[in-house]
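Chemist: no sequence for this one, just the structure:
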């Protein structure tokens with residue numbers, strides 16, 4: 001995600017501390033990703049779409065989203081994804097039948113860094129599901145193809161046209 005979206009300025013440091021304590025290898029490349037490819041003072045910046053080319057899986061643990069453009073991006077990039085079922089997802093998207101690795105919709109609490117926590121059995125289950133999608137190419141392909149078809153049906157420009165045309169027809173009369 002974009003670290004400048006964090007209004008408190010605390011999240012990135014909290015996350016880095018958690019990663020450090022857990023002895024996990026992690027790369028933070030946000031300062032190399034931008035809206036489009038370009039150079040700034042000789043330093044190359046990649047587009048968000050460039051990052052999807054190298055991704056195998058998208059994690060989307062947001063507790064709140066206005067709608068979820070990253071969800072559409074993962075579908076369009078034909079990548080499997082894990083998500084926390086934020087309120088708009090539950091209200092407007094979940095019923096479409098997308099195949100997700102779900103972190104559920106309930107928080108277990110917060111850790112010492114103030115980061116949101118979910119129950120350990122959910123973590124174990126979702127980790128197993130993610131590994132299966134990363135290692136079982138047939139399941140992965142079926143999942144991303146299914147999600148792409150759902151995306152075309154519900155979230156494409158044609159789907160939008162299907163919603164708008166009747167409204168525009170009413171305005172014409």
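Modeler: Sure, I can see it. In this text the structure is predicted, and so the values were computed from the model without any measurement. Numbers count the residues shown, from 1 in each chain.
Chemist: and residue 76, what does it touch?
Modeler: Shown in contact with residue 76 (CB atoms under 8 Å, 6 or more residues apart in numbering): 148, 151. For glycine as for every other residue, the C-beta is placed from the backbone atoms N, C-alpha and C.
Chemist: 7 Å instead?
Modeler: Applying CB atoms under 7 Å, 6 or more residues apart in numbering to residue 76 gives the contacts residue 151.
Chemist: for this protein, what's the longest helix?
Modeler: Ranked by number of residues, the top helix in the chain under DSSP state H is helix 137-155.
Chemist: on contacts alone, who are the packing partners of that one?
Modeler: Counting contacts by 3 or more CB pairs under 7 Å, 6 or more residues apart in numbering; DSSP states H and E, helix 137-155 is packed against helix 69-76, helix 120-135.
Chemist: Could you pull out the helices in this protein for me?
Modeler: 11-22, 48-54, 69-76, 87-88, 120-135, 137-155, 157-172.
Chemist: which one of these lies closest to residue 35?
Modeler: helix 48-54 (7.0 Å; CB to CB).
Chemist: Could you tell me which residues within that closest one count as buried?
Modeler: Buried residues in helix 48-54, counted by 16 or more other CB atoms under 10 Å: residue 51.
Chemist: Please apply the same query to stretch 133-152.
Modeler: In stretch 133-152, counting by 16+ other CB under 10 Å, buried: 133, 140, 143-144, 147, 150-151.
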